[in-house]
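Chemist: Sequence and predicted structure below; questions after.
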Amino acid sequence: MVQRLDEAAIRQRLAALPGWERTGDAIRRTYRLATFRDAVFFVNAVAALAEGMNHHPDVDIRYRQVTLTLTTHSAGGLTDRDFELAGAIDRHTARWRGAGEAASAP
């Protein structure tokens, strides 16, 4: 079983992920894309990463806005897996998202 992170580790890992915020036992980031089609392509890219890591975010698509929420349900909170997937999402979608994408909390 994956170990739940303590508060100090969560703060440290979150500081290394600009745009992500903590919401209870999860981390979340909202992406604003240029078009609805870009938002759907973005979600498909995230799905491929999630499948490869066998760790799946909650996904909310609202037109051009995509919110991803990560937590490890089996551990009852945040684990390394959540931060590893968040980092992978940001690394692998940065060029695709383009410079115009902005992250914000809903």
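Modeler: Noted; the coordinates are in hand. Numbering: from 1, shown residues only.
Chemist: Point out where the protein drops to low pLDDT.
Modeler: For the chain, applying pLDDT under 70 flags the ranges 96-106.
Chemist: Just want the most central residue of it.
Modeler: Ala86 (4.2 Å; C-alpha atoms, centre = their mean).
Chemist: any idea how far Ala9 is from Ala26?
Modeler: Distance, Ala9 to Ala26, by C-beta to C-beta, to the nearest Å: 15 Å. Using the backbone N, CA and C atoms, a C-beta is placed for each residue, glycine as well.
Chemist: who's more crowded, these two?
Modeler: More neighbours surround Ala26 than the other of Ala9 and Ala26, with 18 against 15 (other C-beta atoms under 10 Å).
Chemist: Any idea what that one is bridged to?
Modeler: Taking DSSP bridges as the rule, Ala26 bridges to Thr23.
Chemist: Just confirm it contacts Thr79, I think it does.
Modeler: No. Counting by C-beta atoms under 8 Å, Ala26 does not reach Thr79; the two are 11.2 Å apart.
Chemist: And the residue nearest to the centre of the chain, its phi and psi?
Modeler: Ala86 adopts backbone torsions of phi -60, psi -50, taken as degrees, to the nearest 10.
Chemist: Same check on Asp25?
Modeler: Taking degrees, to the nearest 10 as the convention, Asp25 sits at phi -90, psi 30.
Chemist: For it, give its distance to Ala48.
Modeler: Asp25 is 26 Å from Ala48, by C-beta to C-beta.
Chemist: quick one: which of these two has more around it?
Modeler: When Asp25 and Ala48 are compared for neighbours, Asp25 comes out ahead with 15 against 11, by other C-beta under 10 Å.
Chemist: Fine, thanks again, bye for now.
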